[in-house]
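# Sequence first, predicted coordinates after that:
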Amino acid sequence: MAEKTLFQKIEAGEMEADIVYEDEQCFAFRDINPQAPVHILIVPRKLIRDLNDLEASDEPLVGHLFTGAQKLAADEGVGKGYRTVFNCGADAGQSVDHLHLHLLGGRKLDWPPG
Ligand code: 5GP
C-alpha cells in the first residue's frame, strides 16, 4: 500500500491535529502555521492528489467541501468575510499532495494574493 499522506495520518489519529469538523466525506482541522486568525484545512477522505486529478464524479464532493467551508466560517464567526483557496502544484505553493481547501478569515485579506 502507498505511504499515507500527512493528512491521512491526521485522519487516522497517527498525528495530532486540532480537528474541528468531521463527516463521512471530509474532515477539517486547524492549520499548524495559520496565515489568519481562522485558518482551517478541509480535506476529502478520498485521496485526490490535487485539482488536476479531479474527475467529473468528484464534483459533488468538491461542492461538499465548499458547503463545509461555509458552515465552518459561520461557526468560527467569520461569515461576513473569508477566503477559500485550493493551491494546485508547486508553483502555487502546494506542499501536501492531498487535496485540501484552505479556509482563511478573521482579518482583512489582501488582494491579489502573493
Ligand atoms: P498547501 O501549501 O499544500 O496548500 O497547504 C498545506 C498546509 O498544511 C500548510 O498551510 C501547512 O501549514 C499545513 N500543514 C503542514 N503540516 C501540517 C501538520 O502537521 N499539521 C497541520 N495541522 N497543518 C499542517
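Sure thing, it's come through.

# all strands for the chain, in order.
Counting by DSSP state E, the chain has these strands, from start to end: 19-22, 26-30, 38-44, 82-85, 101-105.

# could you give the angle of the longest one to strand 26-30?
Here strand 38-44 runs at 160 degrees with respect to strand 26-30, directions being taken by axes from the mean of the first three to the mean of the last three CA atoms, to 10 degrees.

# CA atoms only for stretch 81-99, dumped as CSV, please.
Extracted in CSV, the C-alpha atoms of stretch 81-99 (Å, rounded to 0.1, in the frame of the first residue of the first chain):
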residue,chain,number,x,y,z
GLY,A,81,-15.7,37.8,5.0
TYR,A,82,-13.5,34.8,4.4
ARG,A,83,-11.5,33.2,1.6
THR,A,84,-11.3,29.7,0.3
VAL,A,85,-8.2,28.5,-1.6
PHE,A,86,-7.0,25.4,-3.4
ASN,A,87,-3.3,25.6,-4.1
CYS,A,88,-2.6,23.4,-7.1
GLY,A,89,1.0,22.4,-7.9
ALA,A,90,4.4,23.6,-6.7
ASP,A,91,4.2,27.0,-8.4
ALA,A,92,1.1,27.7,-6.4
GLY,A,93,2.8,26.6,-3.2
GLN,A,94,1.0,23.3,-2.7
SER,A,95,3.2,21.4,-0.2
VAL,A,96,0.9,18.4,0.7
ASP,A,97,-0.2,16.2,-2.1
HIS,A,98,-3.7,15.5,-0.8
LEU,A,99,-6.4,17.9,-2.0
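
# Averaged pLDDT, it. What do you get?
Average pLDDT, stretch 81-99: 98.

# picking that back up, the strands of the chain into TSV, with extra columns for distance to the ligand and mean neighbour count?
Glycine gets a C-beta too; all of them are placed from N, C-alpha and C. As requested, these are exported to TSV (distance: least, CB to the nearest ligand atom, whole Å; neighbours: other CB atoms under 10 Å):
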stretch	distance to the ligand	mean neighbour count
strand 19-22	9	14
strand 26-30	5	20
strand 38-44	6	22
strand 82-85	7	17
strand 101-105	6	22
